[in-house]
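would you be able to build a 3D model of this:
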Amino acid sequence: MLNPDSDFAADPEWLRAPARPGRRRTKPTSAALPSKALEINTFPSWARLADVAAGEAEAVFCAGAGLALLDRVLRCGEGGSAPVFVGVLRQRLALKTAASCARLARLREDEAALRDAEHLSPIGAPPSPAGRPHRLFRLFSTRPLRLDAEALGLATELLELRIAGAMIVGVTAACQEILARAGSPLLAAAGVSRAAMTVLAEAAPMQAEILALWLADLALARRLGWERPVPLLATVIAHPAVRGRDGRRPRPGAPDWENAIARAYALAAQEAHGTAVDLSRRAETLIAVAPKLRAKGADRVVALLLTEDCVSPTRAAKVARFTDRAGRRLFDRLIDLGAVRELSGRPNFRLYGL
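Numbers count the residues shown, from 1 in each chain. Modelled structure (predicted):
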């Protein structure tokens with residue numbers, strides 16, 4: 001089984017990929033950076049789920065429209081590839097998902113605390129209970145999409161969901177069967193999450209629910225043809241617009257789960273699209289100022305900033321192979337150029353990102 005700690009060792013995929021046998025790994029140069037980011041239009045008003053009391057038909061329409069618009073964002077790079085900022089988008093949504101899961105579990109960590117724990121803790125340090133969902137969604141948003149027993153086993157390990165191997169096989173088989181016959185991406189997501197909760201009825205309820213929400217995103221991504229899952233459902237599952245007529249938060253397996261999941265994806269796609277619009281503009285600014293950076297190895301830091309939620313000067317120095325002091329100077333320069341933001345709000349142990 002894959003080691004979840006080693007997968008977070010430090011660097012984006014293209015920096016940590018092993019070299020081919022017989023060939024030395026070459027350091028990326030500034031030529032490897034994209035020339036520009038793509039501007040994205042704002043989310044249209046006709047696709048917004050504006051009314052909390054909207055009916056099922058309107059929720060399904062808004063979910064389909066929102067996911068189609070988000071799908072266009074995820075393919076708006078050169079030649080229909082993913083845009084340059086898509087890694088940051090997925091990691092920001094993973095952070096939002098983790099904060100939402102922490103609130104559901106009545107844990108104290110917010111986005112700032114989760115970000116600090118993930119990016120400032122020593123490599124290999126075990127995550128907190130709230131940090132486990134963060135690590136789960138971060139990890140799988142960087143991996144090619146897979147929904148098999150190995151991936152599910154790693155997910156249960158990250159969540160500390162202690163279930164038998166036979167149960168993992170059962171959940172995997174049920175999910176694959178639903179994916180094969182579900183009529184639409186929304187029905188696939190609803191069916192997979194419902195099946196997971198049914199099989200895991202005797203497991204720890206909170207961890208099982210988080211796993212079911214994660215599986216819904218995987219199923220949706222599979223049916224939409226995305227290379228990697230995008231954390232969406234858990235980001236809005238507690239939003240008032242998603243609650244049922246009784247005012248309660250919907251749970252996978254509830255009688256009105258299909259309707260709730262349509263509302264949730266309509267809202268999540270809208271919010272993710274808004275995040276993408278903002279990141280597109282910020283990525284364009286960073287790419288534009290990159291040629292002005294004279295520090296050797298600065299191109300590698302720029303590439304990292306276009307992949308990760310945030311970067312510390314220490315990590316930047318490690319990636320670019322210069323001193324911590326040089327890393328701090330580089331980020332001071334990027335701040336002056338308006339290319340990045342300081343995200344921690346502290347004078348020390350700072351974190352920078354788009």
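
first vs last residue of stretch 193-207, how far apart are they?
Terminal residues of stretch 193-207 lie 13 Å apart, using Cα to Cα, to the nearest Å.

can you give me the buried ones in it?
S193, R194, A195, A196, M197, V199, L200, A203, M206, Q207 (16 or more other Cβ atoms under 10 Å). All C-beta atoms are positioned from the backbone trio N, CA, C, and that covers glycine.

cool, stretch 214-228 as well?
214-224, 226, 228.

stretch 316-323: how far from the chain's middle?
25 Å (Cα atoms, centre = their mean, to the nearest Å).

picking up where we left off before, the buried residues of stretch 193-207 into TSV, with extra columns for secondary structure?
Listed next are the buried residues of stretch 193-207 as TSV, based on DSSP: H, G, I helix; E, B strand; the rest coil:
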residue	secondary structure
S193	helix
R194	helix
A195	helix
A196	helix
M197	helix
V199	helix
L200	coil
A203	coil
M206	helix
Q207	helix
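
out of those residues, what pair is the most spread apart?
A195 and M206 (18.3 Å; Cβ to Cβ).

closest to V169 out of the buried residues of stretch 214-228?
Closest approach to V169 among the buried residues of stretch 214-228 (Cβ to Cβ): L215, at 14.5 Å.

for R346, see how far away Q207 is.
32 Å (Cβ to Cβ, to the nearest Å).

let me redo that: L218
Taken as Cβ to Cβ, the span from L218 to R346 is 35 Å.

for A65, same thing?
41 Å.

neighbour count winner among the two?
Remark: of A65 and R346, A65 carries more neighbours, 19 against 11, as counted by other Cβ atoms under 10 Å.

spatially nearest residue to the more buried one, not counting backbone neighbours?
Excluding its sequence neighbours, the residue lying closest to A65 (Cβ to Cβ, 6 or more residues apart in numbering) is A47, at 3.9 Å.

got the buried residues for the longest helix seen in the chain?
Across the chain, the longest stretch assigned as helix under DSSP state H is helix 257-289. Buried residues in helix 257-289, counted by 16+ other Cβ under 10 Å: 257-273, 275-277, 279-280, 282-287, 289.

before we move on, what about stretch 104-118?
L104, A105, L107, E109, E111, A113, L114, R115, D116, A117, E118.

which pair of these spans the longest distance?
It's L104 and D116 that sit farthest apart of these, by Cβ to Cβ, at 20.6 Å.

helix 257-289 and the helix or strand where G327 lies, what's the angle between them?
For G327, the host element (DSSP states H and E) is helix 324-336. Here the directions of helix 324-336 and helix 257-289 differ by 100 degrees (axes from the mean of the first three to the mean of the last three Cα atoms, to 10 degrees).

average pLDDT for whatever helix or strand comes next after helix 324-336?
Toward the C-terminus, helix 324-336 is succeeded by strand 341-342 as the next helix or strand (DSSP H and E). Taken as a whole, strand 341-342 carries a mean pLDDT of 96.

ok, stretch 211-221 next?
pLDDT averaged over stretch 211-221 gives 95.

touching it from outside, list them.
Applying Cβ atoms under 8 Å, 6 or more residues apart in numbering, the contact partners of stretch 211-221 are 67, 101, 136-137, 140, 145, 147, 155-156, 159, 161, 171, 175, 178-179, 182, 185-186, 188-194, 196-197, 200, 228-234, 237, 252-253, 261, 265.

next one: stretch 324-338
Counting by Cβ under 8 Å, 6+ apart, 285-286, 289, 292-293, 295, 298, 301, 313-314, 316-317, 320, 340-342, 350, 352 sit against stretch 324-338.

flag every buried residue along that stretch.
A326, G327, R328, L330, F331, R333, L334.

adding pLDDT and distance to V242, write these out as a markdown table.
A markdown table is the format used below for the buried residues of stretch 324-338 (pLDDT from 0 to 100; distance: Cβ to Cβ, whole Å):
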| residue | pLDDT | distance to V242 |
| --- | --- | --- |
| A326 | 88 | 47 |
| G327 | 87 | 42 |
| R328 | 91 | 42 |
| L330 | 92 | 42 |
| F331 | 93 | 38 |
| R333 | 93 | 43 |
| L334 | 95 | 38 |
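
closest to R75 out of the residues you listed?
Using Cβ to Cβ, those come closest to R75 at L334, 28.6 Å.

and that closest one, how far is that from A151?
From L334 to A151 the distance is 36 Å (Cβ to Cβ).

equivalent analysis for G353, please.
28 Å.

for the nearest residue to I163 once chain neighbours are set aside, what are its contacts?
Using Cβ to Cβ, 6+ apart and skipping the chain neighbours, the partner closest in space to I163 is A203 (5.4 Å). Residues counted as contacts of A203 (Cβ under 8 Å, 6+ apart) are L161, R162, I163, M167.
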